Every structure is written in structure tokens, then in C-alpha cells.
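1. next input, structure requested:
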Amino acid sequence: MLVSDFHYDLPEDLIAQQPPAVRGTSRMLRLDRQTGQFEDRVFGDLPSLLRAGDLVVMNDSRVIPARLFATRGGLTTQHNSPAPSGHVEVLLTERLAWADGHNDWSALVRPAKKVQVGETLLFHAEGSSEPVLRATVLSAGEFGERTLRFAPVEDFYAVLDAIGHLPLPPYIRRAKDEPNTVEDRERYQTVYAGERGSAAAPTAGLHFTPEILAQLAKRGVETARITLHVGLGTFQPVRAERTEEIRLHAEHYSISAETAAAINRARAEGRRIVAVGTTTTRTLEHVVREMERAGGTEIAAHGGSTSLFLSPELNEEFKIVGGLLTNFHLPESTLVMLVSAFAGRERVLAAYRHAVEQRYRFFSYGDCMLIL
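-> Predicted coordinates:
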């Protein structure tokens, strides 16, 4: 199939620039994956649309302030904010190693041509003459990818919290001197976020509130959490013309013993498993495929990585996910392809056209879609 087969027209003013005033009050389009029928609902309806015994699985990865600004080792201006010419923007996308004094990360840098292998990047707190972080460029990739090795510091994440910015997607515009607001720090994070590591939020989870989680429990809906750290695959655009040419970057995940047991029970009892977001969906589908390849019948607690790509032309049945809560995704993106694999391309694109006509809000801070 062509990547252009997943195009839809989206007016720019429907791209949400701010979260809803109150978390959990987004609109929600309910799509029947069997009939293609859809209806306009609100996220607060979610508990009533699920049934007792459903297992809702969500990604609890916590977004880190992964967007940094550096000076090259030979430059003298110090300021960790976007602006002066000659400064380098760094987006940390994946932690590679954290042992023996090494703190290695994959990153995207801009402008990439200026940042060469072997040079040093300096990261300053505002107003400080001494850098609080130093990184050496170990390797370079084709599209701005760099491997960075940071010099040891006492608490790396504390430094990131002090000087970093949340990596809001480029379609969410903030003034250059204020990449994030205080509200972004709270709202671009799920209420159940746990282990740090993501360079982007698992956005379908942004709608949940403690109250809605309590309502799910009261209805008899079970919940469980996996962790997948969202990385480079989220930020790299699709550069292929045909879907069979697409290769995703691997992203790391972990499944606890508690979650593995909950999934195994639900499968054994024939209960529906509902994934919150495409990251959760990819993780669950990858894990069950790997389990079957190994001849197993139950999922075990473990960690690993997945580069699983799901698209309609693969004609693969979803092996574990029976329902999907997801936001509205960019045209021609691998996420639209995944949703189309789950519910059918024509049905999904028809639902998207309806969402545009009804002026739903799109992308990370936007409204959502429940497919059952």
C-alpha cells in the first residue's frame, strides 16, 4: 500500500494547542470496528462503554524534560534556552547505557551538520558560567541522530529537571523563550506516570483522571500497566512511499509479574483486553507474537524492545488487543496505519472525516477515539 493511502485533510485550526481546561473532559468518538458505525461521546462515558471483566492496559512511562540547548565546546556564550545562533538543540530520545560511569543517550540534534563526532557539547543553567552537563558526540546518523556520552554527575535526572524542557511535538507552538508552561509540565504527563524514560507522552492516557480510574474499578473493569519508553520512532517522519518499506526504530518496554499475571488471567477467561494507546498496543502484540514463536502459552514478566509495525496490508489478526483507546493521529503516519490495521482503513478514515466535520481537536492535546 502507498503511504498516501492514509492521507486525510486536516484544517490547521483543529490541531489542539492547549489541553482541555479540565483533564478528562475531552470529546470521544466511539467507533464500532465490526460495523464501522460511530457516535459522538465524551471521555467521561468510557466506564459505561466498557464491561465488567474488561482488562484495560495502559503505558505508565513518564516523560522526561528531554529537550536541551547546548553550546559547542569552542563557543563561549552560555544559556540553556532556545535562541542564539550557533547554539545546538538536543532532544534525548533513548537511554542506551548507564553503567561504569557511562551515561549514553541517542539524541536528535539541530542543526545536525554543525555537530561532529568527537566534539563536546556544553549545557548550562541560565545565568551560570560553568556547564552543568558535558557530552561527547560518539557517533552520527543520517537524519540528525547522534549518540552522546554525558560526563558523570551526581543526579542526572535532577539536572534535566532543572535545565530541560518537555519535548512538546512541533505542532504545539510555544513562544521561543517559553517552550513549556507550568501547565505543560503537569498536563503533558499521565496521572499514573511511573518510570522515567519517554521523549513523548503516551497521549491516549492523558485523558484519565483518578476519578475515572475509580469509576472503572467500581464497574468491575480491571486495569494493568506496562512501560514502553517512547523514543526516536515517534519523532522521525515516514520517508518511504510504500508501507512495506517502513522500518520502525526499536523502543524499550517492560512488563511486570503483576501485569503478566493479569493478562494471562484475562486471556484464559476469554475477557476483552483494551489497550490505551498505540504504544500499549504495539507492546502487547509484540509480546504475544514473541511468546508464540517461542512455543509458550503464557506471558512472563520481562523487558525487551519492539520495532513491530502494524498496517492493514499485513493482513495480521490482532492476537491480544480487543479494544483500543487512541487519540487522532497525523495524516500518513504509522499510527494512523496501526489504527487502520485494527479497525479497517476505510472505516478509520471515514471516522476521521467525521471528526473533522464535527471539529474534534486533533493530536497530542486533542480528543480521542474508542474502538471496540
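2. residue 211 belongs to a helix?
-> Yes. According to DSSP: H, G, I helix; E, B strand; the rest coil, residue 211 belongs to a helix.
3. can you tell me the SS state at the nearest residue to it once chain neighbours are set aside?
-> Take residue 211 and drop its neighbours on the chain: the residue closest to it by Cβ to Cβ, 6 or more residues apart in numbering is residue 24, 7.2 Å away. Using the backbone N, CA and C atoms, a C-beta is placed for each residue, glycine as well. Look at residue 24: counting by three-state DSSP, its state is coil.
4. could you pull up the residues touching residue 24?
-> Residues near residue 24 by Cβ atoms under 8 Å, 6 or more residues apart in numbering: 43-44, 207-209, 211-212.
5. quick one: low-confidence ranges for the stretch 201-350 of the chain?
-> Applying pLDDT under 70 to the stretch 201-350 of the chain picks out residues 232-236, 315.
6. please enumerate the strands of it.
-> 222-228, 251-255, 273-276, 302-306, 323-327 (DSSP state E, counting those that start in this stretch).
7. dump these into TSV; add mean neighbour count and distance to residue 150 as well.
-> Converted to TSV, the strands of the stretch 201-350 of the chain look like this (neighbours: other Cβ atoms under 10 Å; distance: least, Cβ to Cβ, whole Å):
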stretch	mean neighbour count	distance to residue 150
strand 222-228	22	23
strand 251-255	22	18
strand 273-276	27	32
strand 302-306	15	22
strand 323-327	24	32
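8. CSV please, covering those and showing distance to residue 193.
-> Shown next, in CSV, are the strands of the stretch 201-350 of the chain (distance: least, Cβ to Cβ, whole Å):
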stretch, distance to residue 193
strand 222-228, 10
strand 251-255, 14
strand 273-276, 13
strand 302-306, 18
strand 323-327, 17
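9. indicate which one of the ones you listed is closest to residue 188.
-> For those, the distance to residue 188 is smallest for strand 323-327, at 12.7 Å, taking Cβ to Cβ.
10. just checking: what are the partner strands of the closest one?
-> strand 273-276 (parallel), strand 368-371 (antiparallel) (DSSP bridges).
11. hey, which helix is longest across the chain?
-> helix 278-293 (DSSP state H).
12. and that one with strand 222-228, angle?
-> In terms of direction (axes from the mean of the first three to the mean of the last three Cα atoms, to 10 degrees), helix 278-293 departs from strand 222-228 by 90 degrees.
13. show residues contacting helix 278-293.
-> 57-59, 61, 202, 204, 226, 228, 230, 251, 253, 255, 263, 273, 275, 297-300, 304, 306, 308, 310, 318-321, 324, 326, 329, 335, 338-339, 342.
14. buried ones in it?
-> 278-288, 291 (16 or more other Cβ atoms under 10 Å).
15. walk me through the domains of this protein.
-> Domain assignment for the chain, taken from automatic domain parsing, gives 3-63+187-371, 67-164.
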